[in-house]
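Asker: I'll drop the sequence and a predicted model, then ask my questions.
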Amino acid sequence: MRLLVPRTLLVVCATAGFALAGCKGSVATRRTEQFIPVAKSTQVHVTVSTGYISVAAGRKGMVSLKILRKVRAVWSADSKLKHIKVHVTKKKGLLSIVGKSPSSKGGKKYHMHLRITVPPSTHLVLKTGDGHINLTNVRGNIVATAKRGEMRARGVTGQVTLTTNEGNIMLRGAPRRFRLRTRLGEVNLWLRPETQLVGKNEARTESGALTLHASTKLHALITAEAKTDEIKSAFPLEATKPHWARARLGRGAPPISLFCQKGILHLKKW
């Protein structure tokens with residue numbers, strides 16, 4: 001007796017076999033670059049639904065934008081690149097860059113990476129749904145937010161706010177003020193010897209270790225709390241309680257608040 005198999009079922013089986021065989025389908029990429037003249041003191045706002053954002057200091061009066069679009073699909077990946085869109089608008093005092101791409105599902109995976117250079121003193125507002133944010137040598141104020149993704153900032157000197165729900169945070173520089181928060185991830189903070197803090201400063205993680213590397217030249221009053229773990233300090237502590245400590249560096253101001261819900265808290269000399 002001959003078994004008849006519907007043609008539609010054969011197609012489904014063939015597709016499943018294609019995936020099970022380990023074939024990743026086709027990959028398509030597209031790179032573009034544009035240059036945008038900007039006036040002095042222009043703020044730059046960057047928002048992407050899903051993707052990476054990298055921003056570095058460039059030359060005065062000019063923003064450069066490099067866009068990497070990448071699609072992985074079982075078939076016709078090249079034709080799907082058009083679904084990754086980036087819009088640039090410029091108004092007085094504000095440059096807005098918005099990237100949008102479809103959700104990665106149904107055998108299709110979309111990826112976007114924006115590489116941007118800005119005038120060194122630019123104020124930045126960055127936001128991504130799922131992706132890393134990297135900052136290099138920007139001197140202006142920075143506010144960066146990710147639903148999920150790592151944050152890395154090097155050579156920054158302005159007021160810095162980095163927030164992610166899931167991902168590590170690393171800041172190395174001489175910020176004027178900082179606020180670092182992650183729900184799931186480690187926080188590593190290096191404050192250079194020339195750091196001159198103002199106002200209230202904070203670093204916080206709900207789950208992960210927190211490490212502050214500070215110069216002996218730093219002026220600050222550090223309050224450290226590790227809710228369920230220990231505090232290790234290379235600096236003399238002027239007051240201690242279980243899971244809580246305070247260290248006075250230099251003039252003992254301004255305040256730095258460090259908090260770990262689950263994880264070891266380190267105070268190290270740099």
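Answerer: Arrived safely, thanks for sending.
Asker: OK, contacts around the residue lying closest to residue 78 once chain neighbours are set aside?
Answerer: In this structure, residue 78 finds its nearest non-sequential neighbour in residue 28, 4.1 Å apart by Cβ to Cβ, 6 or more residues apart in numbering. C-beta coordinates here come from the backbone N, C-alpha and C atoms, glycine included. Neighbouring residues of residue 28 by Cβ atoms under 8 Å, 6 or more residues apart in numbering: 70-71, 73, 77-78, 80-81.
Asker: mind listing what the host helix or strand of residue 28 pairs with, with the direction of each?
Answerer: Assigned by DSSP states H and E, residue 28 belongs to strand 26-37. When pairing is defined by DSSP bridges, strand 26-37 lines up against strand 62-73 (antiparallel).
Asker: what about the strand holding residue 28, distance to the chain center?
Answerer: Averaged C-alpha coordinates place strand 26-37 at 21 Å from its chain's average position (Cα atoms, centre = their mean, to the nearest Å).
Asker: which stretches of the protein form helices?
Answerer: Taking DSSP state H, the helices of the chain run over residues 7-20.
Asker: which stretches of it have low pLDDT?
Answerer: Within the chain, the segments meeting pLDDT under 70 span 1-24, 106-107.
Asker: What separation is there between residue 48 and residue 230?
Answerer: Residue 48 sits at a distance of 39 Å from residue 230 (criterion: Cβ to Cβ, to the nearest Å).
Asker: which of those two has more neighbours?
Answerer: Counting neighbours by other Cβ atoms under 10 Å for residue 48 and for residue 230 shows that residue 48 has the greater number, 25 against 13.
Asker: returning to that earlier point: mind listing what's buried along the strand holding residue 28?
Answerer: residue 36 (16 or more other Cβ atoms under 10 Å).
Asker: neighbours around the residue nearest to residue 45 when sequence neighbours are not counted, how many?
Answerer: Leaving out its chain neighbours, the residue that sits closest to residue 45 by Cβ to Cβ, 6+ apart is residue 125, at 4.5 Å. Number of residues near residue 125 (other Cβ under 10 Å) recorded here: 17.
Asker: Settle this for me: residue 125 is touching residue 143, isn't it.
Answerer: Yes - distance between residue 125 and residue 143: 5.0 Å, which falls inside the contact criterion (Cβ atoms under 8 Å).
Asker: Could you report the distance from residue 120 to residue 255?
Answerer: Using Cβ to Cβ, we find residue 120 at a distance of 29 Å from residue 255.
Asker: How about residue 105?
Answerer: When distance is defined by Cβ to Cβ, residue 105 is 46 Å away from residue 255.
Asker: more neighbours, the two?
Answerer: residue 255 (15 against 8).
Asker: tell me the contacts of that one?
Answerer: In this structure, residue 255 makes contact with 200-201, 220-223, judged by Cβ under 8 Å, 6+ apart.
Asker: Specify the beta-bridge partners of residue 66.
Answerer: When assigned by DSSP bridges, residue 66 has beta-bridge partners residue 33, residue 115.
Asker: from memory it sits against residue 30, does it?
Answerer: No - using Cβ under 8 Å, residue 66 is not in contact with residue 30, being 11.4 Å away.
Asker: domain parsing for this protein?
Answerer: Taking automatic domain parsing as the domain assignment, the ranges for the chain are 28-127, 150-270.
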